[in-house]
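Enquirer: just coords:
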């Protein structure tokens, strides 16, 4: 059985002097929770993991709709797979019909790994005189 923690509000007492009550001792009790999460791995046809894939997940709005063809979907969120192709989505509720759409962009990974990212911060050893040099 799954459990969740509820929101607890803690009223921290005011006071600026050290006392024996500087430590707040509390117990927190988990409540039953029937929500689930989806932990998955995206793989290529050869079985290798697909890192940096975008996994979008939707809930089918109508229980009678065909999940293969229906466009009546409620977006719930998205995740990007890690270097092992793994992702975690949730929470989802019992009885929900979840649709995943997965997109892998090879060009995104190749470009991101070879391009230099330019920032607006000048390096510490930057000399403004370099901008004023004449190369004619």
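Expert: Thanks, I have the structure now. Every value quoted in this text rests on a predicted model; they were computed, and no experiment measured them. Residues are numbered from 1 along each chain as shown.
Enquirer: skip the chain neighbours and tell me the closest residue to residue 93.
Expert: In space, residue 93 comes closest to residue 35 once its chain neighbours are excluded; the distance is 5.7 Å by C-beta to C-beta, 6 or more residues apart in numbering. Any C-beta I mention is one placed from the backbone N, CA and C, and that applies to glycine too.
Enquirer: hang on, I meant residue 37
Expert: With C-beta to C-beta, 6+ apart, the residue lying closest to residue 37 is residue 90, at 3.1 Å.
Enquirer: and the pLDDT at that neighbour?
Expert: pLDDT recorded at residue 90 is 84.
Enquirer: on the three-state scheme, it is what?
Expert: In three-state terms, and counting by DSSP: H, G, I helix; E, B strand; the rest coil, residue 90 is strand.
Enquirer: that one and residue 49, how far apart?
Expert: Note on residue 90: its distance to residue 49, by C-beta to C-beta, to the nearest Å, is 20 Å.
Enquirer: going along the chain, name the strands of this protein.
Expert: Counting by DSSP state E, the chain has these strands, from start to end: 2-4, 31-33, 36-41, 54-60, 73-80, 86-92, 98-103.
Enquirer: please identify the most buried of those.
Expert: Ranked by mean neighbour count, the strands of the chain are led by strand 54-60 with a mean of 18 (mean count of other C-beta atoms under 10 Å).
Enquirer: so that strand versus strand 98-103, what angle?
Expert: Taking axes from the mean of the first three to the mean of the last three C-alpha atoms, to 10 degrees, one finds that strand 54-60 is oriented at 150 degrees with respect to strand 98-103.
Enquirer: and strand 54-60, what does it pack against?
Expert: If contacts are counted by 3 or more C-beta pairs under 8 Å, 6 or more residues apart in numbering; DSSP states H and E, strand 54-60 sits against strand 73-80, strand 86-92, strand 98-103.
Enquirer: in TSV: these, plus distance to residue 53.
Expert: As requested, the helices and strands packed on strand 54-60 are arranged in TSV below (distance: least, C-beta to C-beta, whole Å):
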stretch	distance to residue 53
strand 73-80	7
strand 86-92	8
strand 98-103	6
